[in-house]
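[1] using only what follows, build the 3D model:
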Amino acid sequence: MKVVIVGGVAGGATAAARIRRLNEQAEILVFERSGFVSYANCGLPYYIGEVITDPEELTLQTPESFWERFRVTMKVHHEVTALHPERNTISVRNLKTGEEFEEMYDKLLLSPGAKPTQPRLPGTGMDKIFTLRTVEDTFRIKEYIDKNHPKSAVLAGGGFIGLELAENLQKIGIDVTIVQRPKQLMNPFDPDMAAFIHSEMRRYGVKLVLGRTVEGFAEKGDGVEVLLKDEAPLCADMVILAIGVTPDTKLAAEAGLKLGIKGSIVVNERMETSVPNIYAVGDAVQVRHSVTGQDSLISLAGPANRQGRIAADNICGGDSRYSGSQGSSVIKVFTMTAAVTGVNETNAKKAGLKVDKVILSPMSHAGYYPGGKVMTMKVVFEKETYRLLGAQIVGYEGVDKRIDVIAASIHAGLRAVDLKELDLAYAPPYSSAKDPVNMAGFMIDNISDGLLKQFHLEDIETLPRDGSVTLLDVRTKGEYERGHIDGFVNIPVDELRERLDRIQKGRPVYVMCQSGLRSYIAVRILVGNGYDAYNFSGGFRFYDAVKNDRCLIETAAACGMDQP
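    Residues are numbered from 1 along each chain as shown. Just a heads-up that it's a prediction; the model follows:
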C-alpha cells in the first residue's frame, strides 16, 4: 500500500507516524510546501519574543529523523498543485528546482491546514506587513525586528496568535496596539469574561482599539499607516495581520471534493472525504461541534492530531471514529491564564439553546495557605435538563486544571449538577476541600433544587428604582463606600437578621456582595424569614470589572484611542 500525505504538520505528521506503527510494509510519502515538518505553530510567537531561543526547538522532527525512525519519506519544498482522483495521482512541483511530476497513491490524506486570512485591502503587499503561520514567517519577522529595531507594531486581530504576539513583542520592547472589528478579544470567550483579558493586556501597556474596521494600509515615512473607517489612522513601524485563518482547500475544490462552511472539506466520522480513497484532517476540515451538534471550524492542534490518528487507523483497515470537537483551549496572557471549553453563552444562544450560568470567584487553593489567587469561572448549562454546555475560566494558578476537569465532564456526558460529585485531589497548596469545580456544581445544584434564584449583569439596568423592589448590598460599610451600584442600600450580612425590619416584605429583594458568597448567605436568611430574594451572579467584583471595560471601550470609540 502506498500512502501519500499532503502536508507534514500536526495531522499529517501524526498520521504518517501512526500508519508506520500499524503497517511496517506501507510506503509513506509526505509532501510539505514549507521547509519544515512537524513543527509547533503555537510556539512560533515565543521564538519572536526570545522565550524560545533555539530555532531547532520549534520542530519536533526533521525529514531526516522521520526517515531514520519511521522510514517515512518527507519531501519539503514540494507543493502539490493538483489532485487527480480519477487516476489516483497528484501533481507535484519541486519549489527549489521547478521540476513537475505526478505521484501515484493507493490512499491519499489531505492535511493542508489553514492559511492566514488575507483581507483584500489596499497596501497589504507592503514589506512591513507580515503574517504568522509557518516557521519561515517566524524567521522573517524575527529577522526584520533584529535588523530594523522597530519601536511600535500594530496587530490586526485579537485571537490566539494576536495575544501571544502582543505579549512577546511587548517583552522585547516594542509598543503594541491591537485593532479589530469586534469589541472584544478572544471570541471563544463571552464579552464579560473577555473583560478580564482586556484588563491584563492594558495593565502591561498593550493598547486596545476595539470595534474599529481596518480599511487599508499606506506607507508613511519609514513606517505604516493603518487606515481605519471613519477615524484617524494608526501609525506603527510594522504591522502583523492576525485576523484569523481560512481553510486551505484550493486543491480539494478543484478536484471536486465536497466542501462545507467557509470552503472547508466535508468529511465523515472516519475522516473520509466525498471521494473514495481520499481522507482529510486538521484545520482544513469541517467538524461537528460536540456540544451544539452544528458544523464548525475549530483550528486547534489537539483535534488535528486526533484526526490524524483516526485517519491513519482507517487507512490501515481499522474503524476509528471522530466524535467531534468541543474547542478546549488555554492561553497565557502575561501573568494570567485564560481557558475555555465547550460553547460559550453567546454561541449557545445563537444555536437556539435555552441557557443559564453561574459565575464564581474561588481561590486557586486553600485560602489559609500562602499564595492563593482568585480566578473567575463562568459555567454555562442548559435550562431544565442541566446539560453541561461549557465553561470559561480566567485567573492564575490552577486554571488549566479546572478547565480540563470540566472538558472531561462534558465529553463524558455529565450534567452540570454532577460537578458536585467529582472526587478531586486536594491538598492546601493545590486546591480547597471544596474544589472550584465542585463549588460550581454546588451552586447549580442549589438552582435545580430551588434554593438559589439569580439575577445577572444584563438585569442590573432594568431593575426598577421606584421602590417596588429592594436592592440590597450586604458587603461591609467600607467596601460599599469604596464603590457600589446606584440604588443599592447597604446592610452588612452579619447585621442582616437584626435589621430585617428595614426591608419591606411583599417586595422582591435583589442582593449583591463582592463575589456572590455573602449575598447567597443573605438570600438564605431572607428566604428563611419569608422574603422573595435573588442573588447577583458574580458579585460586585465581576460587575465592576465588566462595566469598567465597557466604559473604556466606549470612551475609546468616542475619542479614537484606548488607554492602557
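[2] neighbours around S34, how many?
    When neighbours are counted by other Cβ atoms under 10 Å, S34 registers 19. Heads up, the C-betas are built off the backbone N, CA and C, glycines and all.
[3] and what of R475?
    Neighbour tally, R475, other Cβ under 10 Å: 24.
[4] which SS class is it?
    Under DSSP: H, G, I helix; E, B strand; the rest coil, R475 falls in the coil class.
[5] tally of neighbours for K357?
    26.
[6] for it, what are its contacts?
    E345, K378, V379, V380, F381, H456, S537 (Cβ atoms under 8 Å, 6 or more residues apart in numbering).
[7] can you put these in a markdown table and add neighbour count?
    Below are the contacts of K357 laid out as a markdown table (neighbours: other Cβ atoms under 10 Å):
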| residue | neighbour count |
| --- | --- |
| E345 | 22 |
| K378 | 24 |
| V379 | 27 |
| V380 | 26 |
| F381 | 27 |
| H456 | 17 |
| S537 | 23 |
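[8] so which residue is dead centre in the protein?
    P188 (4.7 Å; Cα atoms, centre = their mean).
[9] tell me the contacts of it?
    G327, S329, V340, N344, Q392.
[10] distance of it relative to I403?
    11 Å (Cβ to Cβ, to the nearest Å).
[11] need the residues touching each of these two.
    With Cβ under 8 Å, 6+ apart, P188 and I403 have common neighbours V340.
[12] ok, the closest residue to L500 other than its chain neighbours to A407 distance?
    In this structure, L500 finds its nearest non-sequential neighbour in N529, 5.9 Å apart by Cβ to Cβ, 6 or more residues apart in numbering. Distance, N529 to A407, using Cβ to Cβ: 41 Å.
[13] tell me the mean pLDDT for stretch 4-20?
    The average pLDDT for stretch 4-20 rounds to 95.
[14] what's the end-to-end length of that stretch?
    Using Cα to Cα, to the nearest Å, the end-to-end distance of stretch 4-20 comes to 13 Å.
[15] so what's the residue count around the residue nearest to G367 when sequence neighbours are not counted?
    Once flanking residues are discounted, G367 sits nearest to S432: 7.4 Å by Cβ to Cβ, 6+ apart. By other Cβ under 10 Å, the residues close to S432 number 21.
[16] kindly report the same for A416.
    Counted with other Cβ under 10 Å, residues neighbouring A416 total 29.
[17] any stretches of the stretch 251-400 of the chain with poor pLDDT?
    For the stretch 251-400 of the chain, no stretch is flagged by pLDDT under 70.
[18] the strands in it, which residues?
    Secondary structure of the stretch 251-400 of the chain (DSSP state E, counting those that start in this stretch): strands at 265-266, 278-280, 285-288, 295-296, 329-333, 336-342, 355-360, 376-382, 388-395.
[19] mind listing what the longest one pairs with, with the direction of each?
    Partner strands and pairing direction for strand 388-395 (DSSP bridges) are strand 336-342 (antiparallel), strand 376-382 (antiparallel).
[20] quick one: it to strand 355-360, angle?
    Relative orientation of strand 388-395 versus strand 355-360 (axes from the mean of the first three to the mean of the last three Cα atoms, to 10 degrees): 30 degrees.
[21] with the fifth one instead?
    Between the direction of strand 329-333 and that of strand 355-360, the angle (the same axes, to 10 degrees) works out to 40 degrees.
[22] show me what strand 329-333 is packed against.
    For strand 329-333, the packing partners by 3 or more Cβ pairs under 8 Å, 6 or more residues apart in numbering; DSSP states H and E come out as helix 160-171, helix 191-203, strand 336-342, helix 399-411.
[23] just name the most buried of those.
    Greatest average neighbour count among the helices and strands packed on strand 329-333 goes to strand 336-342 (a mean of 25), per mean count of other Cβ atoms under 10 Å.
[24] number of residues surrounding T177?
    For T177, using other Cβ under 10 Å, the count is 22.
[25] quick check: phi and psi at it.
    phi -130, psi 130 (degrees, to the nearest 10).
[26] per-residue pLDDT of the residue lying closest to it once chain neighbours are set aside, please?
    The shortest distance from T177 to any non-neighbouring residue, by Cβ to Cβ, 6+ apart, is to K207 (4.3 Å). As predicted, K207 sits at a pLDDT of 97.
[27] what about K207, how many neighbours?
    Using other Cβ under 10 Å: K207 sits among 20 other residues.
[28] what's the longest helix in this protein?
    For the chain, the longest helix by residue count, based on DSSP state H, is helix 539-559.
[29] what comes up buried for that helix?
    539-540, 542-546, 549-550, 552-553, 556-557 (16 or more other Cβ atoms under 10 Å).
[30] ok, stretch 203-216 next?
    Y204, V206, K207, L208, V209, L210, R212, V214, E215, G216.
[31] cool, and stretch 350-367?
    Neighbour-count burial for stretch 350-367 [16+ other Cβ under 10 Å]: 353, 355-366.
[32] using CSV, list the CA coordinates for it.
    Taking Å, rounded to 0.1, in the frame of the first residue of the first chain, the C-alpha atoms of stretch 350-367 are listed here in CSV:
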residue,chain,number,x,y,z
LYS,A,350,-27.2,31.6,18.8
ALA,A,351,-27.5,27.8,18.5
GLY,A,352,-31.1,28.1,19.9
LEU,A,353,-30.3,26.6,23.3
LYS,A,354,-32.0,27.9,26.5
VAL,A,355,-29.1,28.5,28.8
ASP,A,356,-28.3,29.5,32.3
LYS,A,357,-25.0,30.2,34.0
VAL,A,358,-23.2,30.5,37.3
ILE,A,359,-20.3,32.9,37.9
LEU,A,360,-18.0,32.4,40.8
SER,A,361,-14.6,33.7,42.1
PRO,A,362,-12.9,30.9,44.0
MET,A,363,-9.3,30.8,45.2
SER,A,364,-6.8,28.7,43.3
HIS,A,365,-6.1,26.8,46.5
ALA,A,366,-6.9,26.8,50.2
GLY,A,367,-7.2,30.4,51.5
